[in-house]
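**Q** Got a sequence here, can you build the structure:
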Amino acid sequence: MNFEVTQKSQKFFLLIDNLKQLTKMRLALSVVFSSLAGYLLASDNIQIQNLFLLLAGGYLIVGASNAYNQILEKDLDFLMDRTKNRPLPGKRISVSNAIFIAVIMTFLGLFLLYEINYRTFIFGAIAVLLYVCFYTPLKTKTPLSVFIGAIPGAIPFMLGWVAFSNKFGIEPGVLFMIQFFWQFPHFWAIGWMLDDDYKKAGFKMLPTGRKDKSTAFLIVMYTVWMIIISLLPLGSFTGELNLSISGAIIVLFLGISMLYYAIDLMKKLSTIAAKKLMYASVAYITILQLVYVLDKYFMI
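**A** Numbers count the residues shown, from 1 in each chain. Alright, predicted model coming up:
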């Protein structure tokens, strides 16, 4: 009896682990964090029900998008060392079951977002559509796929603001642009690190197709634009989205720190430098969102 219970427990935990991999749980949680930050920036009184709907709905549509991505790329994933052991190429989840999971998550996630307001629903649907129908198939066609993918990737930060306000204006627009420009140095750093593996599947992730000075220069330029946009709330033309001088100094320091690693990559053109930039970019967007929120509530 104990042996049977142990086997059932192992199968259950294996199923959970496969679902986590299929939906890329850590990525989905980071997106939910961005939505939470956007909501807190917009809110003057937190509505617990709507906040729950946003976080749950956001997690579901991101998880569904990741599942669709793996369904469409299952044969390509098998070719790459980094992804060949995912649930679909590893045949631990069938394609039909993965489709079922993705569809259920999509409809449930969009339903929860619709319960907040129709604008949140529309932006959530746009994110899924662009990620699955455009970004995913374009990855083997053109480096411009990163530009397309940056659009759904930038929606979560602004989605929180829209969820609370039911409006799209300068404030969510700035939040969108911060995360939009951030994604280029972030994903090009990843593309640099994994270039050899990506080429096995035919993915075109670097803007020039090569780990060269031109790609590194573009990384630096997009990082500079990201820094400039992140400081816009210091002025008086971003509506209700504001940043104090002390908050802006911290944000500027974060940006300069990330720029340092971008310039270092341009100097060294190495995988190690790209890896450092990738970690710096993750730290940047996470801490920036925390600074924005803390600055609003506590005037850092």
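**Q** For the rest of this, base every contact and every neighbour count on C-alpha atoms.
**A** Noted.
**Q** after the helix or strand hosting residue 267, next one along is what?
**A** Secondary structure from DSSP states H and E places residue 267 in helix 245-268. Next helix or strand after helix 245-268 toward the C-terminus (DSSP H and E): helix 271-298.
**Q** list the contacts for the residue lying closest to residue 127 once chain neighbours are set aside?
**A** Nearest non-adjacent residue to residue 127, counting by C-alpha to C-alpha, 6 or more residues apart in numbering: residue 152, 4.3 Å away. Going by C-alpha atoms under 8 Å, 6 or more residues apart in numbering, residue 152 touches 126, 127, 128, 130, 131.
**Q** Okay, residue 152 and residue 126: tell me how far apart.
**A** 7 Å (C-alpha to C-alpha, to the nearest Å).
**Q** just checking, residue 59 touches residue 34?
**A** No. The pair residue 59 and residue 34 does not pass the contact test of C-alpha atoms under 8 Å, sitting 11.0 Å apart.
**Q** For the stretch 101-250 of the chain, just list every one of the strands.
**A** Per DSSP state E, counting those that start in this stretch, the stretch 101-250 of the chain carries no strands over any range.
**Q** what about the helices in it?
**A** 118-129, 136-138, 145-165, 170-193, 195-201, 213-230, 245-268 (DSSP state H, counting those that start in this stretch).
**Q** Format those helices as a markdown table; extra columns: mean pLDDT.
**A** Formatted as a markdown table, the helices of the stretch 101-250 of the chain follow (pLDDT from 0 to 100):
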| stretch | mean pLDDT |
| --- | --- |
| helix 118-129 | 97 |
| helix 136-138 | 95 |
| helix 145-165 | 96 |
| helix 170-193 | 97 |
| helix 195-201 | 94 |
| helix 213-230 | 98 |
| helix 245-268 | 97 |
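**Q** How many residues are close by residue 57?
**A** Here the number of neighbours of residue 57 (other C-alpha atoms under 10 Å) works out to 28.
**Q** need the contact list for it.
**A** Contacts of residue 57 by C-alpha under 8 Å, 6+ apart are 108, 109, 110, 111, 112, 113.
**Q** For residue 45, see how far away the spatially closest residue to residue 155 that is not a sequence neighbour is.
**A** Closest residue to residue 155 in three dimensions, ignoring its sequence neighbours and counting by C-alpha to C-alpha, 6+ apart: residue 176, at 6.0 Å. The gap separating residue 176 from residue 45 is 22 Å, by C-alpha to C-alpha.
**Q** So which of those two has more stuff around it?
**A** For residue 176 versus residue 45, neighbours defined as other C-alpha under 10 Å are more numerous around residue 176 (23 against 8).
**Q** right, and that one touches residue 150 too?
**A** No. Using C-alpha under 8 Å, residue 176 makes no contact with residue 150, being 9.8 Å away.
**Q** what residues do those two have in common as contacts?
**A** Joint contacts of residue 176 and residue 150 (C-alpha under 8 Å, 6+ apart) do not exist.
**Q** Test my guess that residue 183 contacts residue 151.
**A** No. The pair formed by residue 183 and residue 151 falls short of the contact definition of C-alpha under 8 Å, at 9.4 Å.
**Q** of these two, who's got more company?
**A** Neighbours per residue, other C-alpha under 10 Å: of residue 183 and residue 151, the larger number sits with residue 183, 26 against 21.
**Q** Show the buried residues in the contacts of residue 152.
**A** The neighbour-count test (16 or more other C-alpha atoms under 10 Å) marks 127, 128, 130, 131 as buried among those.
**Q** what about the stretch 1-150 of the chain, any weak spots by pLDDT?
**A** Along the stretch 1-150 of the chain, segments meeting pLDDT under 70 span 1-8.
**Q** hang on, the earlier thing: between the buried ones among the contacts of residue 152, which is nearest residue 287?
**A** Comparing these against residue 287 with C-alpha to C-alpha picks out residue 127 as the nearest, at 23.8 Å.
**Q** if I look at the closest one, how far off is residue 107?
**A** Taken as C-alpha to C-alpha, the span from residue 127 to residue 107 is 14 Å.
**Q** likewise residue 208?
**A** 38 Å.
**Q** go on, residue 270?
**A** 43 Å.
**Q** same question, residue 209
**A** 37 Å.
**Q** Residue 74 contacts residue 88, correct?
**A** Yes. Using C-alpha under 8 Å, residue 74 and residue 88 qualify as a contacting pair, with a distance of 6.0 Å.
**Q** okay, the two: which has more neighbours?
**A** residue 88 (25 against 20).
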